[in-house]
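> Here's my sequence, what's the structure:
(chains A and B)
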2 protein chains.
Amino acid sequence: MAERIGKNTINLQSKPSIIGYGVAVGKKEGEGPLANWFDKIYVDEFCGEKSFEKAETHLQKVAIQTAIKKAKISKNDVNLCFAGDLLNQCIGSSFGMRDLKLNFAGLYGACSTMALSLALSATLVDSGAVKNVVAATSSHFCSAERQYRMPLEYGGQRSPAAQWTVTGAGAAVVSESCKNTPHIEKVIFGTIRDLEISDTNNMGAAMAPAASLTIGHFLRDTHSIPSDFDMILTGDLGSTGSELLIKLLKAEYGLDISPVHKDCGTMIYDLEKQDVHSGGSGCGCSASVLCSYILDKIKLGELKKVLFVGTGALLSPTSSLQKESIPGIAHAVLITNE
Amino acid sequence: MAERIGKNTINLQSKPSIIGYGVAVGKKEGEGPLANWFDKIYVDEFCGEKSFEKAETHLQKVAIQTAIKKAKISKNDVNLCFAGDLLNQCIGSSFGMRDLKLNFAGLYGACSTMALSLALSATLVDSGAVKNVVAATSSHFCSAERQYRMPLEYGGQRSPAAQWTVTGAGAAVVSESCKNTPHIEKVIFGTIRDLEISDTNNMGAAMAPAASLTIGHFLRDTHSIPSDFDMILTGDLGSTGSELLIKLLKAEYGLDISPVHKDCGTMIYDLEKQDVHSGGSGCGCSASVLCSYILDKIKLGELKKVLFVGTGALLSPTSSLQKESIPGIAHAVLITNE
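Numbers count the residues shown, from 1 in each chain, chains lettered A, B, ... in the order given. From the prediction side, this is the model:
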């Protein structure tokens, strides 16, 4: 049974488990520092498919199938799948779901989707409505760049605050609580925050204020301080957004998270050597880091308490052309090994 | 507490209530047969805003504010809002949520979004995780046509099976069970079905197979027959899709729903006089019909048991250009007055 804590946080008394998880990534991610933790690395950016969009679907399907296999359940045991991605009308997810034939609830949370899907999955498992739920998401550098920014062939110069969309997908199977697995104890759904950043090459700055709000709310609701956590892990703020988040949390809540803060966007690539400027981004960024390295470390007990904060920028090329600023959102789940 | 019934259906033992609902629509909808049931009708297709996309956001905000007002609660009492729409990156919803400052979980279910958002809202309320949840969605003829099909100025001829995207938004506040309100008793999340329809001017045919699957599963899981319902209400199959659905259910499950079947797409317009060919479509179609006429009739006791089946076509212009067929999905909620 779930109960509300404070104004925004939900405590899941049954502590649903993440019983399996999987990641499939592209070549550049497979050359980064987390390569050894990924289940599958594709050197072909098409993953054997005929378009970048179909390649993204391919990655998401492989991540889901891997997660289900590692959970030691069958596809027929899955009651529901929450998935979404960055593509128009979320076709990265829907065409994968068509082939997998799972009950499917589509989400759109931009790069916050992994946290959003985990939060909903865990809440539904805790309610007894479902037993096994898959949470999944994906992004692909080539499908995202040509949709959001420029044709790939254009070869435009990138600004210092720009991020590199991760080619990758991650999936997790959330199920009834069981031993020796990571548990989702608490979840918080975010509120949009928009401090009128309108530079679409500086997503970190657009999302940092929303991350500050969600982390501030969560710590207030749970009467926690940063040192209560082994890690406060943001999704894809990059180095620019991470610096801003740390400053904002100090200024707005008097909280210093710098000793425990990590960001998936700065972890997935070697920022010095891989020419990715501020770091990785995209739905697949946090999904790939969480559903490999982080969940492995929690399972091994090397991390005991991680607040995973997915960050999303809810813009579209149309809203930017219409001179709108960039609304940011952050959802979070508390994952523990107890 | 929720329990699974059969393979796919979820029974919500607390029977969450719809305590308020609201609809805002455009001119053409305001000239149709349901005009008297709508809360707000705009004759200006821009709703006083500077773009069609911002007009859609405006409609969704008005529908949500109306639903909250009619629920006799304050915006601060709302724990979460599920919303989505047809626009790229769901900007119809996200910019509304930015202004309303509600905790926000974004959905993408194409035209099935109203049923998906109600299903998730009711399941979360039943779980105790939240008390008051808003479910909302919208569409706009002008923003949808130019994104999915042709520039409006082109004035392309429309095929007989084509549908007319509804300019409208609907919202409902789902809360803990209370007397004299419509109740959500059961929900079912759909599976994608794709019978390889690829004509983007015949969405009804693309979605009817998914509706047949979800209705078939629901009736099987609950050991029901069509005459157990006052109405089985599909979202936006139009006249073409409705005929197909009735044939499919007879052929696939031996079920004749024709005496109780209605479709929001054929109800919102006068198909003879309003030149809308097969009927209305879009997220706002089922939302506008459900959150006005239908919920009013349930509240009054004139309808006692309605299976509301939202239907969605999960394509994008990109997937169609890449020669993909159209994946359909249908989610359903059982709404009663008991």
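> So which bits of the stretch 101-250 of chain A are right by chain B?
Within the stretch 101-250 of chain A, the residues that sit near chain B (Cβ under 8 Å from any Cβ of the partner chain) are A:101-110, A:116, A:119-120, A:123-124, A:126-131, A:147, A:189-192, A:194. For every residue, glycine as well, the C-beta is placed using N, CA and C.
> now, which of these lie within helices?
Using DSSP state H, the members of those that fall in helices are A:116, A:119-120, A:123-124, A:126-127, A:147.
> can you list the residues you listed in a markdown table and add pLDDT, distance to B:Ala287 and neighbour count?
Below are these laid out as a markdown table (pLDDT from 0 to 100; distance: Cβ to Cβ, whole Å; neighbours: other Cβ atoms under 10 Å in any protein chain shown):
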| residue | pLDDT | distance to B:Ala287 | neighbour count |
| --- | --- | --- | --- |
| A:Leu116 | 98 | 22 | 32 |
| A:Ala119 | 98 | 24 | 30 |
| A:Leu120 | 98 | 21 | 28 |
| A:Thr123 | 98 | 24 | 26 |
| A:Leu124 | 97 | 23 | 28 |
| A:Asp126 | 97 | 28 | 26 |
| A:Ser127 | 96 | 25 | 25 |
| A:Gln147 | 94 | 27 | 20 |
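> Spell out the secondary structure type for A:Ser320.
At A:Ser320, secondary structure determined by DSSP: H, G, I helix; E, B strand; the rest coil is helix.
> Just say helix, strand or coil for the closest residue to it other than its chain neighbours.
Excluding the flanking residues, the one nearest A:Ser320 by Cβ to Cβ, 6 or more residues apart in numbering or on different chains is A:Thr200, at 5.4 Å. Under three-state DSSP, A:Thr200 falls in the coil class.
> how close does A:Thr200 get to chain B?
12 Å (Cβ to the nearest Cβ, to the nearest Å).
> cool, and A:Thr167?
With distances taken as Cβ to the nearest Cβ, A:Thr167 is found 17 Å from chain B.
> What count of nearby residues applies to that residue?
A:Thr167: 31 surrounding residues under other Cβ atoms under 10 Å in any protein chain shown.
> Am I right that it is in contact with A:Leu59?
Yes. Using Cβ atoms under 8 Å, A:Thr167 makes contact with A:Leu59 at a distance of 7.2 Å.
> Tell me the residues that contact both of the two, please.
Listed as contacting both A:Thr167 and A:Leu59 by Cβ atoms under 8 Å, 6 or more residues apart in numbering or on different chains are A:25-26, A:42, A:140, A:284.
> residues touching A:Ala71, list them.
By Cβ under 8 Å, 6+ apart, the contact list for A:Ala71 reads A:19-20, A:132, A:173, A:175.
> Please tell me which one of the residues you listed counts the most neighbours.
Highest neighbour count within these, by other Cβ under 10 Å: A:Val173, with 28 neighbours.
> is that residue in a bridge, and if so with what?
Beta-bridge pairing for A:Val173 (DSSP bridges): A:Gly20, A:Val134.
> so how far is chain B from it?
Distance from A:Val173 to chain B, by Cβ to the nearest Cβ: 16 Å.
> I'd guessed A:Ser74 sits against A:Gln65; true?
No. Counting by Cβ under 8 Å, A:Gln65 is not a contact partner of A:Ser74; they are 11.2 Å apart.
> Looking at these two, which one has more neighbours?
Counting neighbours by other Cβ under 10 Å for A:Ser74 and for A:Gln65 shows that A:Gln65 has the greater number, 18 against 10.
> where does the stretch 101-250 of chain A have low pLDDT?
Applying pLDDT under 70 to the stretch 101-250 of chain A flags no residue at all.
> for A:Leu34, what are its contacts?
A:267-268, A:288-289, A:292-293.
> 7 Å instead?
By Cβ atoms under 7 Å, 6 or more residues apart in numbering or on different chains, the residues touching A:Leu34 are A:267-268, A:289, A:292-293.
> Give me the subset of those residues that lies in helices.
Among the contacts of A:Leu34, the members falling in helices (DSSP H) are A:267, A:289.
> of all the contacts of A:Leu34, which two lie farthest apart?
Farthest-apart pair in these is A:Met267 and A:Ser292; separation 10.5 Å (Cβ to Cβ).
> What about the residue nearest to A:Ser320, how many residues nearby?
Close neighbours of A:Thr200, defined as other Cβ under 10 Å, add up to 17.
> how about it, phi and psi?
Main-chain torsions, A:Thr200, degrees, to the nearest 10: phi -70, psi 0.
> Go ahead and confirm it touches A:Leu321.
No. If you go by Cβ atoms under 7 Å, A:Thr200 and A:Leu321 don't touch, sitting 10.2 Å apart.
> all strands of the stretch 1-150 of chain A, in order?
For the stretch 1-150 of chain A, the strands defined by DSSP state E, counting those that start in this stretch occupy A:2-5, A:9-12, A:17-25, A:40-41, A:80-85, A:104-106, A:133-139.
> got the angle between the last one and strand A:80-85?
Our comparison of strand A:133-139 with strand A:80-85, counting by axes from the mean of the first three to the mean of the last three Cα atoms, to 10 degrees, yields an angle of 10 degrees.
> In strand A:133-139, which residues are buried?
For strand A:133-139, the neighbour count (16 or more other Cβ atoms under 10 Å in any protein chain shown) marks A:133-139 as buried.
> Kindly indicate which of those residues lies nearest B:Glu338.
Nearest member of the buried residues of strand A:133-139 to B:Glu338, counting by Cβ to Cβ, is A:Val133, at 29.7 Å.
> Next up, the contacts around that closest one.
If you count contacts by Cβ under 7 Å, 6+ apart, then A:Val133 has A:79-82, A:121, A:124-125, A:174 around it.
> ok, now with 8 Å
With the criterion set at Cβ under 8 Å, 6+ apart, A:Val133 makes contact with A:78-82, A:121, A:124-125, A:173-175.
> tell me which of the residues you listed is nearest to A:Arg4?
Scanning those for proximity to A:Arg4, where the rule is Cβ to Cβ, the winner is A:Leu124, at 16.3 Å.
> thinking that closest one is in contact with B:Ala119, fair?
No. Using Cβ under 8 Å as the test, A:Leu124 is too far from B:Ala119 to be in contact (10.5 Å).
> What's the local residue count around A:Ala251?
A count of nearby residues for A:Ala251, using other Cβ under 10 Å, gives 10.
> Nice, that's everything, thank you.
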